[in-house]
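*Asks:* Give me coordinates for this.
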Amino acid sequence: MKKYLFVLTIAVFALAGCRSSKQAAKERSNNEVWQTLLVKQLDATVEDQIITVKYNNGTTLCYKILDNFGNVTLTWDRTNGRKNFDDGPSSYKGDISIPSFITTGQNDEFTFRVMEIDQNAFYGCSEVTSIDIPYSVLRIVDGAFKGCSGIKKFTVNENNQSYKDVDGILFSKDNKMLIKYPAQKETAEYVISEEVAIICTEAFMDNAFLRKVSVGNFVTAISDNSFKNCTALEEVELGGNVRIIGAESFKNCPKLALVNAHGMWPAHCPNVFDDAAKQNAKLYVPRGQMFNYKRRLEWRDFKNVQEY
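*Replies:* Next comes the predicted model:
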């Protein structure tokens, strides 16, 4: 009797496992359809751990093998003899839809999961206008979209566990990180959500439309180059909990005329502002805190400081 019950239990678990596997396969199939509706893979070549895939819409994307478990990262363009990510213009352009999976082999017998977007993957891709990110991507490395000055929007598969898009802007799934604000997003004023804690490296870089930005009170860090080359930016509101402003975050913002700093203690910010901004822009600080700002690196160089 005990032996019979044991066998029956094993059978039940096996059946449950089969159903689970079928369900997982169905979910993967549904997600693959969503991600490949734009691109059908025509050809794939493998050389030095780099898989170059050509699609029927004219796009060619390069992937680097990450491990022995079938995971790859979308990497910078290796075509046209490019040996480094900044060797001449990339072929990446237009609307890019990143697939969840790619296949190689004469009969497509090898399947790879697109798990990551590599550093400098879209470096200098000024002709890329939008990027669709699949559910399979779990990591986007800092600097992945550096120089994407033509991008208008990001879209992220709703099943992605790490990232999401809000009004074309790329965020972490939990809203704690603002990763990338499109350079061609034509919005004059933007208020950063109160949920955001970190503005990531180069998040707003190269946007030529933003005139005023309000950094929420939950933001603690503004990373390097965050607002660099925002040539229309005139006014910045810094929330009271900003502790670090990364290097060159407000460099080449020639119209910057007003900085409202709400922190009772000035944020650490070496080499953040242009000399012209420190000479001409007005810096407003909390009442009774001028002495603290006047003795801190970078802040002390502002010529026009007032308390509010």
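*Asks:* Enumerate the helices of the stretch 101-250 of the chain by residue range, in sequence order.
*Replies:* Using DSSP state H, counting those that start in this stretch, the stretch 101-250 of the chain contains no helices.
*Asks:* Tell me where it has strands.
*Replies:* 101-104, 110-117, 128-133, 139-140, 153-156, 163-166, 169-172, 177-180, 189-191, 198-199, 212-214, 221-222, 235-238, 244-245 (DSSP state E, counting those that start in this stretch).
*Asks:* Redo those as JSON lines? Include mean pLDDT, distance to residue 303 and mean neighbour count.
*Replies:* All C-beta atoms are positioned from the backbone trio N, CA, C, and that covers glycine. Shown next, in JSON lines, are those (pLDDT from 0 to 100; distance: least, CB to CB, whole Å; neighbours: other CB atoms under 10 Å):
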{"stretch": "strand 101-104", "mean pLDDT": "90", "distance to residue 303": "56", "mean neighbour count": "18"}
{"stretch": "strand 110-117", "mean pLDDT": "95", "distance to residue 303": "42", "mean neighbour count": "19"}
{"stretch": "strand 128-133", "mean pLDDT": "96", "distance to residue 303": "40", "mean neighbour count": "21"}
{"stretch": "strand 139-140", "mean pLDDT": "98", "distance to residue 303": "40", "mean neighbour count": "18"}
{"stretch": "strand 153-156", "mean pLDDT": "97", "distance to residue 303": "39", "mean neighbour count": "19"}
{"stretch": "strand 163-166", "mean pLDDT": "98", "distance to residue 303": "38", "mean neighbour count": "18"}
{"stretch": "strand 169-172", "mean pLDDT": "98", "distance to residue 303": "34", "mean neighbour count": "22"}
{"stretch": "strand 177-180", "mean pLDDT": "98", "distance to residue 303": "31", "mean neighbour count": "23"}
{"stretch": "strand 189-191", "mean pLDDT": "98", "distance to residue 303": "26", "mean neighbour count": "13"}
{"stretch": "strand 198-199", "mean pLDDT": "98", "distance to residue 303": "27", "mean neighbour count": "23"}
{"stretch": "strand 212-214", "mean pLDDT": "98", "distance to residue 303": "22", "mean neighbour count": "18"}
{"stretch": "strand 221-222", "mean pLDDT": "98", "distance to residue 303": "23", "mean neighbour count": "24"}
{"stretch": "strand 235-238", "mean pLDDT": "98", "distance to residue 303": "17", "mean neighbour count": "20"}
{"stretch": "strand 244-245", "mean pLDDT": "96", "distance to residue 303": "19", "mean neighbour count": "21"}
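*Asks:* Show me where this protein dips below the pLDDT cut-off.
*Replies:* Scanning the chain with the threshold set as pLDDT under 70 gives 1-39.
*Asks:* Kindly report the domain assignment for it.
*Replies:* Per automatic domain parsing, the structural domains of the chain span 38-167, 186-308.
*Asks:* For the strands of the stretch 101-250 of the chain, give me a markdown table that also has distance to residue 94.
*Replies:* Shown next, in a markdown table, are the strands of the stretch 101-250 of the chain (distance: least, CB to CB, whole Å):
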| stretch | distance to residue 94 |
| --- | --- |
| strand 101-104 | 19 |
| strand 110-117 | 17 |
| strand 128-133 | 6 |
| strand 139-140 | 20 |
| strand 153-156 | 13 |
| strand 163-166 | 18 |
| strand 169-172 | 18 |
| strand 177-180 | 18 |
| strand 189-191 | 26 |
| strand 198-199 | 28 |
| strand 212-214 | 29 |
| strand 221-222 | 31 |
| strand 235-238 | 33 |
| strand 244-245 | 35 |
